[in-house]
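Enquirer: just the structure for this:
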Amino acid sequence: MGKSTIKSITGDIEEKIQVSDKNIDSEDIKFIIDLFLNEIKQNIVDGNKIMLWKFGTFELKEFKERKAKDVNSGRIVIRPKKKLPKFKFSNTFLKKIK
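Expert: Residues are numbered from 1 along each chain as shown. Model (predicted):
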């Protein structure tokens with residue numbers, strides 16, 4: 001299993017586009033990817049659910065305030081409510097990786 005970065009993904013996309021359109025370079029592709037990712041981030045921050053067909057769903061999950069036990073002292077502490085991003089793969093995607 002390898003590691004992919006924006007730079008490597010941009011290079012892969014550039015190679016595929018070179019066949020059809022020679023006016024797009026790696027800076028344009030990086031700009032489009034950054035724009036796309038920033039839109040996803042902003043929509044999640046705004047509380048919107050993002051569904052990408054055949055890939056998965058991003059959403060913001062809210063956790064209520066709750067009691068928890070401090071393992072060091074044994075005291076009961078109150079954990080404040082919080083919001084965390086959540087991602088769920090689509091069934092189509094999961095079938096491809098099995």
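
Enquirer: phi, psi of Phe55?
Expert: Phe55 adopts backbone torsions of phi -120, psi -60, taken as degrees, to the nearest 10.

Enquirer: er, Ile6 I mean
Expert: Backbone torsions for Ile6, taken as degrees, to the nearest 10, come to phi -60, psi -40.

Enquirer: measure it to Lys69 for me?
Expert: As judged by C-beta to C-beta, to the nearest Å, Ile6 and Lys69 stand 41 Å apart. Every C-beta, even on glycine, is put in place using the N, C-alpha and C of the backbone.

Enquirer: what about Asn91, neighbour count?
Expert: A count of nearby residues for Asn91, using other C-beta atoms under 10 Å, gives 10.

Enquirer: pLDDT score for it?
Expert: Asn91 carries a pLDDT value of 93.

Enquirer: list the contacts of Gly56.
Expert: Phe87, Lys88, Phe89, Ser90, Phe93 (C-beta atoms under 8 Å, 6 or more residues apart in numbering).

Enquirer: how near is it to Phe89?
Expert: Distance, Gly56 to Phe89, by C-beta to C-beta: 4 Å.

Enquirer: try Lys49
Expert: As judged by C-beta to C-beta, Lys49 and Phe89 stand 15 Å apart.

Enquirer: buried residues in the longest helix along the chain?
Expert: Longest helix of the chain, by residue count under DSSP state H: helix 26-45. For helix 26-45, burial by neighbour count (16 or more other C-beta atoms under 10 Å) applies to Ile29, Lys30, Ile44.
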